[in-house]
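S.K.: for reference, the sequence and a predicted model appear below.
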Amino acid sequence: MTSAAEVSAPYGSGAAAQATPTAPRKRVRIHHLQDLKDRGEPWPMLTAYDMYTAELFDEAGIPVLLVGDSAANNVYGHETSLPVTVDELLPLVRSVTRAARHSLVVADLPFGSYQVSVEQAVTTAVRFMKEGLAHAVKLEGGRRFAPHIEAIVAAGIPVMAHIGFTPQSEHQLGGYRVQGRDAAADAVRADAAAVQEAGAFAVVLEMVTAEVAKQVTHELRIPTIGIGAGPDCDAQVLVWQDMAGLRRGRAPKFVKRYADLAGVLGGAATAFADEVRNRQFPGPEHSFH
Ligand SMILES: Nc1nc(=O)c2c([nH]1)NC[C@@H]1CN(c3ccc(C(=O)N[C@@H](CCC(=O)O)C(=O)O)cc3)CN21
Ligand SMILES: CC(C)C(=O)C(=O)O
Ligand SMILES: [Mg+2]
């Protein structure tokens, strides 16, 4: 195990970061995330799909940004994550990697871009690294995707796994359902062990019971990242529009809203519209003569 003194963790210690607020930080590396687990310090992850959010979350000290296939829902307006394509996600990944100076950027492989074969998985992962300039890729699946993970890792690409509720399989899983209850706990534990053995550097646990997530977190060497998986995971991830209250309507139980962006942005648009209609905007200070 590496001692804290040897580790130049960009976001490793809140105290050190505050002591030197203007010190240039380095790019987060996967071993930093492992160090945080080994020190028992939980870390945050957020989705990002564009440059302004990537820049803000990077500056807020979010060590990992995920360009999720949830862009299907939260950018492109689909009902599920299934329809989004590699060609639709690649430009989003590029905009996030351009803007994020410190955060590790993970590109989510979309449905159909890696399930066909191990070869297809490597080819798609390479595209996200080469064309998207991502730092790692993520894919959904446990034991059955160990060969895919292994082959991508063999190509030199870090892989984040994703088990439990895997939205790309929602039609097979029978909708949005908590995984790992009762007998299914052993299936989640076996998937977790398999993706670690295959070489994944971290694993997302989505909608598994807090009890199973706690057990898996203790059983694995690599960090677990929870979404609806209770407080004992090594890290926590949320979709940013859920976290910031931009998405309206009923949110999943695991979401906490830290802002009311829908209110702020809606209010700004309404104020602008009113001022144009009242001839209050543009004023003399906004005009050229
Ligand atoms: N905006 C957004 N947030 C997400 O968390 C998210 C996406 N989009 N798109 C891709 C997947 C889909 N996810 C979802 C979507 C809905 C539920 C949901 O409705 N859950 C209910 C039922 C759970 C149950 O009781 O079985 C809940 O109340 O949490 C969960 C995960 C997570 N991901
Ligand atoms: C919710 C996270 C883990 C995800 O896979 C996504 O946003 O696509
Ligand atoms: Mg995803």
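M.R.: Received, thanks. Ligands and ions are numbered 1, 2, ... in the order given.
S.K.: top helix in this structure by residue count?
M.R.: Using DSSP state H to define each element, the chain has its longest helix at helix 261-277.
S.K.: does it reach ligand 1?
M.R.: No. Contact of helix 261-277 with ligand 1 (Cβ under 6 Å from any ligand atom) is absent, the minimum separation being 12.7 Å. Every C-beta, even on glycine, is put in place using the N, C-alpha and C of the backbone.
S.K.: what does stretch 134-141 give?
M.R.: No. Judged by Cβ under 6 Å from any ligand atom, stretch 134-141 makes no contact with ligand 1; its nearest approach is 10.3 Å.
S.K.: that stretch - what's its average pLDDT?
M.R.: What stretch 134-141 shows for mean pLDDT is 98.
S.K.: residues making contact with it?
M.R.: Outside stretch 134-141, the residues that touch it by Cβ atoms under 8 Å, 6 or more residues apart in numbering are 27, 30, 66-67, 93, 97, 104-109, 114-115, 121, 125, 128-129, 145, 148-149, 152, 157-163, 166-169, 191, 201, 204.
S.K.: any idea how far that stretch is from the chain center?
M.R.: 10 Å (Cα atoms, centre = their mean, to the nearest Å).
S.K.: cool, and stretch 52-62?
M.R.: 13 Å.
S.K.: can that stretch be found next to ligand 2?
M.R.: No. Residues of stretch 52-62 are not located near ligand 2 by Cβ under 6 Å from any ligand atom, the shortest gap being 12.9 Å.
S.K.: residue numbering should commence at 7 henceforth.
M.R.: Sure, I'll start counting at 7 from here, so that last one is stretch 58-68.
S.K.: average pLDDT for that stretch?
M.R.: If you average the pLDDT values across stretch 58-68, you get 98.
S.K.: dump that stretch to CSV, keeping only the CA atoms.
M.R.: Only the C-alpha atoms of stretch 58-68 are listed here, as CSV (Å, rounded to 0.1, in the frame of the first residue of the first chain):
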residue,chain,number,x,y,z
TYR,A,58,-19.7,24.3,-19.4
THR,A,59,-20.8,21.6,-17.0
ALA,A,60,-17.4,19.8,-17.5
GLU,A,61,-15.5,23.0,-16.6
LEU,A,62,-17.7,23.7,-13.6
PHE,A,63,-17.6,20.2,-12.2
ASP,A,64,-13.8,20.0,-12.8
GLU,A,65,-13.3,23.2,-10.8
ALA,A,66,-15.6,22.0,-8.1
GLY,A,67,-13.2,19.1,-7.6
ILE,A,68,-15.2,16.2,-9.0
